[in-house]
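Q: Here is a sequence together with a model predicted from it:
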Amino acid sequence: MDIIELERWKPSEANPHKLEYAGQPVAQEVFEELKHRLEGMGYLPDEYFLLDGHWKDGREIPKDADIFCTTDYGASEGVYLDVYLKWYEDGKPITRSFITGKTLGENGNDLDRMFLTASAITKAFHGDHATHARYMKIGGVEEDTGGSVVHLSQQEQKVIIEALVEQRERQEQAMGQTEQLLRRMTGSITEYVNTVGMRPLRMSDFDKAVLAIQDGELEAFKKYAARIPYQQEETLLVEAAGRPGAVGRKMTELLMRDRCNIDYAAYCNACKRAIDINDPEKVLSMMVRAQASVPQLEPSFFGEMASYAHSDHRFIAK
């Protein structure tokens, strides 16, 4: 997957082959994209992962900011992960808390696990500059905070991947943890499909389109979404609406383009998913398109969405 950018760039109008600075991203959007990726890999801390209140209400990431993490035991319980932004103002360094995460466990394995989360965050913003040093957690159910963290050589990765492919084919109803492991070891599920795609995978184009949404792979999404049956597009719309960032907005736009008969219940669910990830731009676009896209739009639609947006402070419009 592409790295999460802390600056926005666009093709230059004078020279499309060059990029020019296009401003700073909103901190909330950066947070939602990072949270989405960690959750997909199974690296999201199990107690909480929260954006610092300073960065809400549409506040942008400071120009030339960089990101770093610290991990340590808590004063009384658990293991904490702190994510900071650092930038300069008038030549002086400014460091401010950005995100805080906590895991329930508090032993050495939990500390190792949180360091892997910190590593995943660093790679999300800075990329992976060398041959992967892959890590995975072996054994235990979700309630078990023990287990062990094991380094895998490239040959061991190959053995595990092949075993997981066979497991995936035989146990289609129990794929959640398998997908997370494959995502960690190959970088993304879309990349995994490309890596081991010669094996007979029991995946429909709809399944592949959903995985492309999770990974933020726009070109793969376009490819598979174009092949799915018309009646599955509404389900895919709900998935795309819950995908953070600019790529999620593009996917949602593609699915809504030229549609004038979207089911009311599906459209409501899609709008709520966009509200849940705090994406004002996507929500506004879906509100504007509602009457043209949904033939049986209920008179209470806009009031229901407004009520949902403000309940529990889910969403604050710009």
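A: That came through fine. Quantities reported herein were computed from a predicted structural model and do not represent experimental measurements.

Q: going forward, measure contacts and count neighbours with C-alpha atoms only.
A: Fine.

Q: does residue 68 sit in a helix, a strand or a coil?
A: strand (DSSP: H, G, I helix; E, B strand; the rest coil).

Q: Please tell me how far it sits from residue 74.
A: With distances taken as C-alpha to C-alpha, to the nearest Å, residue 68 is found 19 Å from residue 74.

Q: so where does residue 288 fall, helix or strand?
A: Assigned by DSSP states H and E, residue 288 falls within helix 280-293.

Q: Against which helices or strands is the helix or strand that that helix is followed by packed?
A: Sequence order places helix 301-310 as the next helix or strand after helix 280-293, per DSSP H and E. Helix 301-310 is packed against helix 264-276, with contacts defined by 3 or more C-alpha pairs under 8 Å, 6 or more residues apart in numbering; DSSP states H and E.

Q: what angle sits between the helix it packs on and helix 280-293?
A: Inter-element angle recorded for helix 264-276 and helix 280-293: 170 degrees (by axes from the mean of the first three to the mean of the last three C-alpha atoms, to 10 degrees).

Q: what does helix 264-276 rub up against?
A: Contact with helix 264-276 is made by 234-235, 237-239, 241-243, 282-283, 286, 294-298, 301, 305, 308-309, 314-315, as judged by C-alpha atoms under 8 Å, 6 or more residues apart in numbering.

Q: Strands along the chain, start to end?
A: Secondary structure of the chain (DSSP state E): strands at 9-11, 19-21, 48-51, 66-73, 79-89, 92-103, 134-138, 148-152.

Q: least reliable of those going by mean pLDDT?
A: Mean pLDDT is lowest for strand 134-138 out of the strands of the chain, coming in at a mean of 51.

Q: could you measure residue 234 against residue 252, distance?
A: Residue 234 is 10 Å from residue 252, by C-alpha to C-alpha.

Q: of the two, who's got more company?
A: The residue with more neighbours, out of residue 234 and residue 252, is residue 252; 25 against 21, by other C-alpha atoms under 10 Å.

Q: residues near residue 15, how many?
A: By other C-alpha under 10 Å, 9 other residues sit near residue 15.

Q: Over to the one 4 residues further on?
A: Per other C-alpha under 10 Å, the neighbour tally for residue 19 reads 14.
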